[in-house]
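Trainee: Fold the following and give me the result.
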Amino acid sequence: MVRKTSRVMLKLIGLIKPLLLIMLFAILLGVLGYLCAMFITIVGAIAIVKLLGYNVSLSLNVMLLLMVLFGALRGFLRYGEQASNHYIAFKILALIRSKVFAKLRELSPAKLDEKDKGNLISIITSDIELLEVFYAHTISPIAIAIIVSIIMIIFIGQYHIILAVIAGSAYFFIGCILPVYFNKKGGSIGQTFRDDFGNMNSFILDSLRGINESIQFKHGKKRLNQINQRSDALEEQQFRLKKFEAQNKAINDAFVLSFSLMMLVAAILLFKEGWMTIEGVIISSVAILSSFGPVVALSALSNNLYHTIASGNRVLDLLEEKPIVYDIENQEKGIFGDIHVENISFGYEQEEIISNMSLSIPKHKIIGIHGKSGSGKSTLLKLLMRFWKVDQGTISINSRDIESINTSDLRIMEAYVTQDTYLFHDSIANNIALGKDVSIEEIQEAAKKASIHSFIMELPNGYDTKVGELGSTLSGGEKQRIGVARAFLHNANVILLDEPTSNLDSLNEAIILESLKNESEQKTIILVTHRKSTISIVDTIYQMDEFRVS
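Mentor: Here you go, the predicted model:
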């Protein structure tokens, strides 16, 4: 969704409420700092007027002292303004990151399945980081420019109202008209660049994950060429942005000179007509030349805002996205019992996967789910976990619809082992525990049930051995057994297993099946499998064909 720049800015500004007082303090320091910088030049102009012999109440010594004082204060005020703005920026960025991670938790897993992971990484890292420009160098400068411009219009206007009109027109044109014009011309370039940058991240992440396959099937050269093509396209877009920024600066400088000359000419004409003194000509001309700093800063902002607004737009897209499944809270605690699936139907977008399915899963039994690929076996487990919501029908536990059971209670009741076990770049012990505060003895007991304990003990550091990124140092079967160990350690009432022995040899499969059989005395186990040897331990088997179960 592409929003107007003003709407993106207003939404981002809305996040500042907790730090409003600090922002106002930063604006005050910025206004005083710019006035100090301007009046160094203006006091210098007044000194020149005095040297020319005109009557000025201030002595040269006092004016020199004022110039030194303004110079010293300018440094301190500028530092205070920047320190306050950056404090706000980094506090807000931390808040936004917190909101983004909370939103990712809210959207997962249903909505995140369809997202490019590289694009998400780009939003979490570079896009949020780019918002620092907005919070530290945009909001405060806009307010400062408005306040300083009003003060300078009043100051110049004391010499003649026409000069005040010229000054006001100059500030409005350079600080408002030009930035809006530049943004309209260059905003789409920034949005395209940020989107392509995110897609590039996804492509590189995909390439790294599939590097072994690329080498094996001699696809590496073609993949590298594709990366180079995308890099060249990004470089070309970045060149367009830089060229556009340079053109903007040239146009901006030209208008600054034009308005300054206009002021000088108007002042001279007014002097010739006798409507103002030579003092007014010199001071008003010097004043406007020295006062463009805040509005020029606004005009220059548009050069940096192409990236920033595009990044803000992408962050807002994520924050405003609605989840497919909402967490359920504040319900009575759920009690585990028999599971009933009654006339459920479900599909992904337009593709129907399950149609009018019903089955019963008695407590403390092993239930087998068998069927060809694409028949909806894995989808059924996700529906039982309430990762997705059924389109029709109900799923109930202990005669209570899972739509009325707290999500946290449901996660405690159920443990889910997927076909592909994800391992974090951490120790084996932490990967099995996965955040649970348990003893090493409990971890080892779960590992024994999953037939992975002996293998772990043979490793140089045992349970403290670090697994590589995505578990790259372990085989598929070893990762699968760690996933099963997690489920055993979770100690849930029902264990959902999606092809838990597909990567195992007969011996390890037999050990795990025996453990599952023993666990079924106290737990319900739902087992999706293709293997006949695995099916042998089930109490009831359901055959899933297209849209139906028997």
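
Trainee: going forward, measure contacts between C-alpha atoms and count neighbours the same way
Mentor: Fine.

Trainee: So residue 346 lies in a strand, does it not?
Mentor: Yes: the assignment for residue 346 (DSSP: H, G, I helix; E, B strand; the rest coil) places it in a strand.

Trainee: Go ahead and measure how far stretch 407-416 is from the middle of the chain.
Mentor: For stretch 407-416, the gap between its own C-alpha mean and the chain's C-alpha mean amounts to 28 Å (Cα atoms, centre = their mean, to the nearest Å).

Trainee: just stretch 95-104 next, same as before
Mentor: Averaged C-alpha coordinates place stretch 95-104 at 7 Å from its chain's average position (Cα atoms, centre = their mean).

Trainee: ok, and what's touching that stretch?
Mentor: Stretch 95-104 has contacts (Cα atoms under 8 Å, 6 or more residues apart in numbering) with 112, 124, 128, 315, 318-319.

Trainee: ok, now stretch 215-232?
Mentor: Contacts of stretch 215-232 from elsewhere in the structure, counted by Cα under 8 Å, 6+ apart, are 200, 203-204, 207, 211, 213-214.

Trainee: With stretch 520-531 instead?
Mentor: For stretch 520-531, contacts defined as Cα under 8 Å, 6+ apart pick out 362-371, 377-378, 492-500, 502, 516, 535.

Trainee: change it to 6 Å
Mentor: By Cα atoms under 6 Å, 6 or more residues apart in numbering, the list of residues contacting stretch 520-531 from outside reads 363-370, 493-499.

Trainee: Then stretch 163-177?
Mentor: For stretch 163-177, contacts defined as Cα under 6 Å, 6+ apart pick out 153, 156-157, 295, 298-299.

Trainee: Now for these: which two are most distant?
Mentor: Across those, the longest distance by Cα to Cα is 23.8 Å; it joins 157 and 299.

Trainee: higher neighbour count, the two?
Mentor: For residue 157 against residue 299, the residue with the higher neighbour count under other Cα atoms under 10 Å is residue 299, and the figures read 25 against 18.

Trainee: now for the host helix or strand of residue 184, which elements pack on it?
Mentor: Assessed by DSSP states H and E, residue 184 sits inside helix 178-209. Counting contacts by 3 or more Cα pairs under 6 Å, 6 or more residues apart in numbering; DSSP states H and E, helix 178-209 packs against helix 117-122, helix 293-319.

Trainee: rerun at 7 Å
Mentor: For helix 178-209, the helices and strands in contact under the criterion 3 or more Cα pairs under 7 Å, 6 or more residues apart in numbering; DSSP states H and E are helix 117-122, helix 220-272, helix 293-319.

Trainee: now it: mean pLDDT?
Mentor: Regarding helix 178-209, the rounded mean pLDDT is 73.

Trainee: Then stretch 431-446?
Mentor: When pLDDT is averaged along stretch 431-446, the result is 87.

Trainee: Same check on stretch 141-154?
Mentor: Model confidence over stretch 141-154 averages 91 on the pLDDT scale.

Trainee: For that stretch, C-alpha coordinates in PDB please.
Mentor: These are the backbone C-alpha positions of stretch 141-154, laid out as PDB (Å, rounded to 0.1, in the frame of the first residue of the first chain):
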ATOM      1  CA  PRO A 141      13.700  21.000  11.700                       C
ATOM      2  CA  ILE A 142      10.200  21.500  10.300                       C
ATOM      3  CA  ALA A 143       9.000  23.100  13.600                       C
ATOM      4  CA  ILE A 144      12.300  25.100  13.900                       C
ATOM      5  CA  ALA A 145      12.000  26.400  10.300                       C
ATOM      6  CA  ILE A 146       8.400  27.600  10.800                       C
ATOM      7  CA  ILE A 147       9.200  29.400  14.100                       C
ATOM      8  CA  VAL A 148      12.400  31.000  12.900                       C
ATOM      9  CA  SER A 149      10.800  32.100   9.600                       C
ATOM     10  CA  ILE A 150       8.000  33.900  11.500                       C
ATOM     11  CA  ILE A 151      10.600  35.600  13.800                       C
ATOM     12  CA  MET A 152      12.700  36.700  10.800                       C
ATOM     13  CA  ILE A 153       9.600  38.000   8.900                       C
ATOM     14  CA  ILE A 154       8.800  40.200  11.900                       C
END
